[in-house]
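Chemist: Based on what follows, work out the 3D shape:
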Amino acid sequence: MSSILFVDPRIPDCQSLIKDPDPNLGRVVVIDPNRDGIVQITETLKLGSFDTVHIVSHGTAGSLYFGTTYRDWETDRKSTRLNSSH
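Modeler: Numbering: from 1, shown residues only. Just a heads-up that it's a prediction; the model follows:
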């Protein structure tokens with residue numbers, strides 16, 4: 001099984017995750033905080049085949065901050081509904 005972990009470097013204690021990752025993880029990628037995190041994840045996933053993708057980031061209930069990206073579950077849900085109605 002091939003796993004990958006994406007880590008936003010602004011999370012508390014990020015260095016310990018990077019320094020001592022879980023031995024079951026195949027690859028650890030630190031996201032550039034000055035770029036779109038979703039784009040970085042997409043670019044990296046295109047380079048290989050992974051069974052499991054882990055993301056460690058920060059946010060609030062229903063939202064995620066990753067790189068310069070902010071994702072809100074409610075906004076994404078509404079957007080998906082609008083796009084699928086065309």
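
Chemist: Every contact and neighbour count from this point should use C-alpha atoms.
Modeler: Fine.

Chemist: Using the three-state scheme, assign Gln40.
Modeler: Following DSSP: H, G, I helix; E, B strand; the rest coil, we place Gln40 in the helix state.

Chemist: no wait, Leu17
Modeler: From three-state DSSP, the assignment for Leu17 is helix.

Chemist: can you pull the pLDDT of it?
Modeler: Note on Leu17: pLDDT of 72.

Chemist: number of nearby residues for it?
Modeler: Around Leu17 there are 16 other residues, counting by other CA atoms under 10 Å.

Chemist: contacting residues for it?
Modeler: Going by CA atoms under 8 Å, 6 or more residues apart in numbering, Leu17 touches no other residue.

Chemist: Next: Val53.
Modeler: Here Val53 is in contact with Ser3, Ile4, Leu5, Phe6 (CA under 8 Å, 6+ apart).

Chemist: now the strands: where do they sit in the protein?
Modeler: Along the chain, counting by DSSP state E, strands occupy 3-7, 27-30, 52-56, 63-66, 69-72.

Chemist: The last one: partners in the sheet, and parallel or antiparallel?
Modeler: Meaning strand 69-72. strand 63-66 (antiparallel) (DSSP bridges).

Chemist: For the partner strand, output the C-alpha coordinates as PDB.
Modeler: This file holds the C-alpha atoms of strand 63-66, laid out as PDB (Å, rounded to 0.1, in the frame of the first residue of the first chain):
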ATOM      1  CA  SER A  63     -13.300  24.700   6.700                       C
ATOM      2  CA  LEU A  64      -9.700  24.000   5.700                       C
ATOM      3  CA  TYR A  65      -6.700  26.300   5.200                       C
ATOM      4  CA  PHE A  66      -3.900  24.900   3.100                       C
END
